[in-house]
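Engineer: Here is a sequence together with a model predicted from it:
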Amino acid sequence: MTMIADILLIAGAFGAGLYCLVLSRRLRRFTDLEKGVGGAVAVLSAQVDDLTKTLNKAQSTAKMSVSTLDDVSARAEAAGARLELLVASLHDLPDPGIAPSGESPFFVRRSTGPEGRQ
């Protein structure tokens, strides 16, 4: 009975050693920097760095766009205020349908003869 227990104990130890050997090889392949998770982590780390740089560039571009839009908006508001002033000043002009001396307010060019005379 002791002999059978020893054989089973040796077989169990041999099986555990074989299991550890297989597990060690799998773990070595798993953490390989070229193909395993280590490589994936390295690639993802590089991608995160690239995305961070791209995000910083996008933020700086957005800030420049906002400042440009602020400038353009300020100019548009100033032009709008000037236009309002011009429209308000047009209300003070007389109606163009009524000429003060009875003449037409429009300039009419008269045709001239071949010598330049009328």
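Structural biologist: That came through fine. Keep in mind the model is a prediction, meaning the values are calculated, not measured.
Engineer: With Leu8 as the reference, measure out to the most centrally placed residue in the chain.
Structural biologist: Centroid-nearest residue in the chain: Ala58, 5.5 Å away (criterion: CA atoms, centre = their mean). Here the criterion is CB to CB, to the nearest Å. By it, Ala58 lies 66 Å from Leu8. For glycine as for every other residue, the C-beta is placed from the backbone atoms N, C-alpha and C.
Engineer: swap in Gly17?
Structural biologist: As judged by CB to CB, Gly17 and Leu8 stand 15 Å apart.
Engineer: mean confidence score for the longest helix along the chain?
Structural biologist: Longest helix of the chain, by residue count under DSSP state H: helix 37-90. Computed over helix 37-90, the mean pLDDT rounds to 92.
Engineer: for that helix, packing partners?
Structural biologist: With contacts defined as 3 or more CB pairs under 8 Å, 6 or more residues apart in numbering; DSSP states H and E, helix 37-90 has no helix or strand neighbours.
Engineer: mind starting the numbering at 809 from now?
Structural biologist: Okay, using 809 as the starting number, the last item reads as helix 845-898.
Engineer: Tell me, how many residues neighbour the residue nearest to Arg837 when sequence neighbours are not counted?
Structural biologist: Using CB to CB, 6 or more residues apart in numbering and skipping the chain neighbours, the partner closest in space to Arg837 is Gly844 (5.8 Å). Residues near Gly844, counting by other CB atoms under 10 Å, number 15.
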